[in-house]
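Sequence first, then the predicted structure, then my questions.
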Amino acid sequence: MSQMNMIQAINSALDAMLEKDPTVIILGEDVGYFGGVFRCTDGLQAKYGEHRVIDAPIAEGGIIGSAIGIGVNGLRPVVEIQFADYIYPGLDQIISELARLRYRSGGEFFSPVTVRTPCGGGIRGGQTHSQSPEALFTHLSGINTVMPSNPYDAKGLLISAIESNDPVVFFEPKRIYNGPFDGDPDKPAISWSTHPGGEVPDDYYSIPLGKAAVVQEGDELSIITYGTMVHVAQAAVDKVGINAEIIDVRSLVPLDVETLRQSVEKTGRCLIAHEASKFSGFGAELAATVQEECFWHLQAPIERVAGWETPYPHAFEWEYFPGQDRVIAGIRKIMEAV
């Protein structure tokens, strides 16, 4: 067991799978000699060779298309797209080929590609390095979508993603690569070294896809969230002093509906939080699911807290980011509802 940040945990997962399974390869821009734009693949090319950790040109469509072909032919590719903002040139390959291959071939062919990509704001990346497009991928049949909130989950979920025979888009909230972030940009940054989520086994382990995590139990309100917003929600709950249950979805697809249902049936109130824009965000699907599953248990309308319907602004980053104040306002609104 070691204390790791999320970058180290992801590196450890990749290392474990490269060692365990000779069919695993890594493909992406700067993943080899440079070790990745955030250093998640640092040292892996030197350890496993250029034939297994492969530097690719700046061509996301070509990277993903190549990975699909490699996967069909028996290997297990792990693709790195440097920022989620740059995954769009590869969308046609993901939508038209990767997501539909098993269905269109009647189960004869599949390609077990994992696409890793950093997402979210909080690093002054502006509109071109801060997007959270997870909802686009949850809408695609044939693709699993994952977003961890801590190093322990990141390693275990990434290993499960790589081992899955279904393709996975694995989003990594880059604001919490080096430490949990509670939404207050004026506070000194903290590391994962003192956080329980930073305790990561050195050896192989996996966390199954499709299972949410109950971060803390409560009986007054259910907060359903994922990624960076898990830590923002915890800070907001501590400030308000409410006995809230916080659910970290972490596996968006497949979704753990049962854990959500059990929580909302217990509390009768539900707040959903995510960093991406509110309109048509994944929170809308979560709200619809809660409504369908728990309608007769709800004591108040479902509340959503999310980013604005604008590109991520550079100059007004913290006005866009749904921080503690907006989560607290959402909590008070739902608790005051009759």
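On my side now, so go ahead.

per-residue confidence for Ala337?
Each residue has a pLDDT score; the one for Ala337 is 82.

Quick check: next helix or strand after the helix or strand containing Leu157?
Per DSSP states H and E: Leu157 is located in helix 151-163. Using DSSP H and E, the helix or strand that follows helix 151-163 in sequence is strand 168-173.

Which other helices and strands does the helix or strand that comes right after that next one contact?
Later in the chain than strand 168-173, the nearest helix or strand by DSSP H and E is strand 199-200. Judged by 3 or more Cβ pairs under 8 Å, 6 or more residues apart in numbering; DSSP states H and E, the packing partners of strand 199-200 are strand 2-3, helix 6-20, helix 151-163. (Glycine included, C-beta is placed from N, CA and C.)

So in that sheet, which strands flank strand 199-200, and in what orientation?
As defined by DSSP bridges, the strand partners of strand 199-200 come to strand 2-3 (antiparallel).

max-length strand in this protein?
strand 270-277 (DSSP state E).

In the helix or strand that it is followed by, which residues are buried?
Counting by DSSP H and E, the next helix or strand C-terminal to strand 270-277 is helix 282-294. By 16 or more other Cβ atoms under 10 Å, the buried positions in helix 282-294 come out as 282-287, 289-290, 293-294.

how near is Val168 to Ala189?
29 Å (Cβ to Cβ, to the nearest Å).

Those two: which has the busier surroundings?
Neighbour tally, Val168 and Ala189, criterion other Cβ atoms under 10 Å: the higher count belongs to Val168, 25 against 10.

Contacts only, for the closest residue to the more buried one other than its chain neighbours.
Spatial nearest neighbour of Val168, excluding adjacent residues (Cβ to Cβ, 6 or more residues apart in numbering): Ala161 at 3.9 Å. Contacts for Ala161 (Cβ atoms under 8 Å, 6 or more residues apart in numbering) come out as 114, 144, 146, 168, 170, 209.

Take those residues and lay them out in a markdown table including pLDDT.
A markdown table is the format used below for these (pLDDT from 0 to 100):
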| residue | pLDDT |
| --- | --- |
| Thr114 | 98 |
| Asn144 | 98 |
| Val146 | 98 |
| Val168 | 98 |
| Phe170 | 98 |
| Leu209 | 98 |
